[in-house]
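# Need the 3D shape of this:
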Amino acid sequence: MAESYMFELPKHHKSIIKVIGVGGGGSNAVNHMYNQGIKDVEFIVCNTDAQALKSSPIPNRLQIGIGLTEGLGAGASPEVGKNAALESKEDIRQMLGEDTKMVFITAGMGGGTGTGAAPIIAKIARDMDLLTVGIVTAPFGFEGRKKMNAANEGIAALKENCDTVLVILNDKLREIHGNLPISKAFAEADNILTTAAKGIAEIITVPGYVNVDFMDVQTVMKGAGAAVMGSASAEGEGRALRAAEMAISSPLLNSQDILGAKKILLSIISGEEAELQMDELTEITEYIQDKAGDDAEVIFGHGIDVEHGQSISVTVIATGFETPVVEARPNTTKKTVIDLESNQPIERNVEKPSFIEKPTQSSLFSAGFEKPEPRQEIDEVESKDDSDDDNITSGYTFLSRLAQKYDIEEVGPEANEDPEVRLRNERVELDHEEQRYKDFLEMKRNKLQQQARLREEKLRSSGNYQIKNDDIKEKLEVPAYQRRQVRLNDAPPSSESNVSRYNLNDDDEIMGNNKFLHDNVD
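Numbering: from 1, shown residues only. So this is what the prediction gives:
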């Protein structure tokens, strides 16, 4: 009788998550991730420099643009890096494979291969319907303005082809670690990239009691655009709230406030020695919800890691912001702030909205702008008394009010074909934006002054508080033994002798009338 045996052969496990380092900076970051270890992800390095690929410890390597660059690199030209990726797009598609569901693309923006090839690789991955997350670094300020401009262009191109992009500003490292040697500064940048990629990937790969799977992450990150992430750990008393506070206030990814985010992914990991308590979970979730707003959708997961010991780690990923949250070089200007106590102006450098230029005097025609020749229609408006000129902000606003009053179809300034009048209206609209910004600052200053006055009145009223309750007043003025009618006996003065047959006298001599004490020792 023939017998058949069936054996379950082991299958090669292929992770659904791939981390691709593009260019020199991205490859260095992925090499660091590979050495640190991220559970159940597959690492790939991709470069035009053959020598850099050979020195990588990662087995999965892809050289792009062999015919274009001959393995010599992109020469700090993003255009060469872009063309190299286009030349090898079939190899890139084959490298991603059929089992991949999520791709991390790490690169250092501002160079050649990373800046030019990363957006092309992201586009190929997204065309394959893969969840594509870009984690890139912006250059240090000392690397030059040209490199910074190239980085901004690369980040903009990457955002068009990724579901979510995390931008890490290298200049933030100076705020965290101070003046570091160059090698350590770039190593710290690799650490931050590793923290970001590991924090997102292990939310999926590490199982937990309250599990967060791939579809949860996809819900938060699919088509989310710009995103911010923070991660922190704490131990001891109040560890849960402290970890949550440090996670969203950390300068890890530009310290962006999570207020206004539409979706938030929250991962909480605790150790076996001190497992997460229900009250701690409530503290964390309520704190994150308060900071994000009531409209934010929070998806949280919890797991246990033996390496955490008695600590707890909180990872927050916020997406769905209406406007970009990270810029490589924010525009700054001087703004006058009024001190509430001294009522003196204080100058501070603050970020200024991009739509506001340097404040100028609000007028119909600004200095340096040639006034156009008056027309008949304008004369009818401007021929009024000169005393009313200051009350008229623009001819278009005046005509708009007439149109509303008499139900006349209003024609906006775009319909006016005269370029001079159109330019004048654009200048007036800009003045209106400036005036609204000034009104907002004035309103905020008045509100702060009002709050200061309320605090001062409250402190003054608390200082003049008088006790009106007779019971409380009696307890403060009458001693407790008198209120309870306890009689106290006066203690004998020290001058009176208190010597008896059972104790010694004041001279510490033995009394003769004590039969138990004598000086004749046997």
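# just checking, what packs against the longest strand anywhere in the chain?
Taking DSSP state E as the criterion, the chain has its longest strand at strand 225-235. Counting contacts by 3 or more Cβ pairs under 8 Å, 6 or more residues apart in numbering; DSSP states H and E, strand 225-235 packs against strand 164-169, helix 182-205, helix 239-249, strand 311-319. To be clear about C-beta, it is placed using only N, CA and C from the backbone, and glycine gets the same treatment.
# The shortest one vs strand 225-235, what angle?
For strand 164-169 against strand 225-235, the angle between stretch directions is 70 degrees (axes from the mean of the first three to the mean of the last three Cα atoms, to 10 degrees).
# in the helix or strand following strand 164-169, what counts as buried?
Once the chain leaves strand 164-169, the next helix or strand it forms, by DSSP states H and E, is helix 172-177. Residues of helix 172-177 classed as buried: Lys172, Leu173 (neighbour count, 16 or more other Cβ atoms under 10 Å).
# Which elements pack onto helix 172-177?
Packing partners of helix 172-177 (3+ Cβ pairs under 8 Å, 6+ apart): helix 182-205.
# Low-confidence ranges, the stretch 251-400 of the chain, go.
Applying pLDDT under 70 to the stretch 251-400 of the chain flags the ranges 251-256, 323-400.
# The same query, at a cut-off of 80, please.
By pLDDT under 80, the low-scoring segments of the stretch 251-400 of the chain are 251-257, 321-400.
# again with the stretch 51-200 of the chain
172-178, 180, 182, 185-186, 192, 195-196, 199.
# can you map out the helices along it?
66-69, 78-87, 89-96, 113-127, 145-161, 172-177, 182-205 (DSSP state H, counting those that start in this stretch).
# As a markdown table, those with distance to Pro492 would be great.
A markdown table is the format used below for the helices of the stretch 51-200 of the chain (distance: least, Cβ to Cβ, whole Å):
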| stretch | distance to Pro492 |
| --- | --- |
| helix 66-69 | 108 |
| helix 78-87 | 101 |
| helix 89-96 | 100 |
| helix 113-127 | 95 |
| helix 145-161 | 91 |
| helix 172-177 | 73 |
| helix 182-205 | 77 |
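# Am I right that Val298 falls within a strand?
Yes. Using DSSP: H, G, I helix; E, B strand; the rest coil, the secondary structure at Val298 is a strand.
# Return the distance of the closest residue to Glu160 other than its chain neighbours relative to Pro78.
Distances taken as Cβ to Cβ, 6 or more residues apart in numbering put Pro119 closest to Glu160, at 7.2 Å, once the chain neighbours are dropped. From Pro119 across to Pro78, the span is 9 Å (Cβ to Cβ, to the nearest Å).
# May I have stretch 182-194 as PDB, with CA atoms only?
Extracted in PDB, the C-alpha atoms of stretch 182-194 (Å, rounded to 0.1, in the frame of the first residue of the first chain):
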ATOM      1  CA  ILE A 182      29.900  67.700  11.700                       C
ATOM      2  CA  SER A 183      30.000  63.900  11.800                       C
ATOM      3  CA  LYS A 184      27.800  63.800  14.900                       C
ATOM      4  CA  ALA A 185      25.400  66.300  13.500                       C
ATOM      5  CA  PHE A 186      24.600  64.200  10.500                       C
ATOM      6  CA  ALA A 187      24.500  61.100  12.700                       C
ATOM      7  CA  GLU A 188      21.800  62.800  14.800                       C
ATOM      8  CA  ALA A 189      19.800  63.500  11.600                       C
ATOM      9  CA  ASP A 190      20.000  59.700  10.800                       C
ATOM     10  CA  ASN A 191      18.700  59.000  14.300                       C
ATOM     11  CA  ILE A 192      15.700  61.200  13.700                       C
ATOM     12  CA  LEU A 193      15.000  59.500  10.400                       C
ATOM     13  CA  THR A 194      15.200  56.200  12.100                       C
END
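# buried residues in stretch 220-237?
220-221, 224-235.
# and which of these is nearest Arg436?
Ala226 (25.5 Å; Cβ to Cβ).
# so what's the closest one scoring on pLDDT?
Note for Ala226: predicted pLDDT of 77.
# and it, what are its bridge partners?
Ala226 has these beta-bridge partners by DSSP bridges: Val165.
# Based on its surroundings, how many neighbours for the closest residue to Gln310 other than its chain neighbours?
Closest residue to Gln310 apart from its sequence neighbours, by Cβ to Cβ, 6+ apart: Ala274 at 4.1 Å. When neighbours are counted by other Cβ atoms under 10 Å, Ala274 registers 16.
# What of the one 4 residues further on?
When counting by other Cβ under 10 Å, one arrives at 7 neighbours for Met278.
# measure it to Ala240 for me?
In terms of Cβ to Cβ, Met278 sits 11 Å off from Ala240.
# higher neighbour count, Pro119 and Pro78?
Pro119 (28 against 25).
# Would you confirm that that one contacts Asn161?
Yes. Using Cβ atoms under 8 Å, Pro119 is in contact with Asn161, at 5.2 Å.
# got any residues that touch both of the two?
In terms of Cβ atoms under 8 Å, 6 or more residues apart in numbering, Pro119 and Asn161 are not both contacted by any residue.
# Tell me where the stretch 1-150 of the chain has strands.
Using DSSP state E, counting those that start in this stretch, the strands of the stretch 1-150 of the chain run over 17-22, 42-47, 61-63, 102-108, 131-138.
# and stretch 54-64, how far apart are its ends?
14 Å (Cα to Cα, to the nearest Å).
# and the closest residue to Thr106 other than its chain neighbours, how far is that from Ala52?
Spatial nearest neighbour of Thr106, excluding adjacent residues (Cβ to Cβ, 6+ apart): Gly26 at 4.5 Å. Per Cβ to Cβ, Gly26 is found 11 Å from Ala52.
# Looking only at neighbour counts, state which of these two leads.
Set side by side, Gly26 and Ala52 show more neighbours around Gly26, with 29 against 20, by other Cβ under 10 Å.
# you'd agree that one is up against Ala107?
Yes. Judged on Cβ under 8 Å, Gly26 makes contact with Ala107 at a distance of 3.9 Å.
# got a list of what the nearest residue to Ser231 once chain neighbours are set aside touches?
When the adjacent residues along the chain are set aside, Ser231 lies closest to Thr315, with 4.4 Å between them (Cβ to Cβ, 6+ apart). Contacts for Thr315 (Cβ under 8 Å, 6+ apart) come out as Gly199, Ile203, Met229, Gly230, Ser231, Ala247, Leu265, Leu266, Ser267, Ile268, Ile269.
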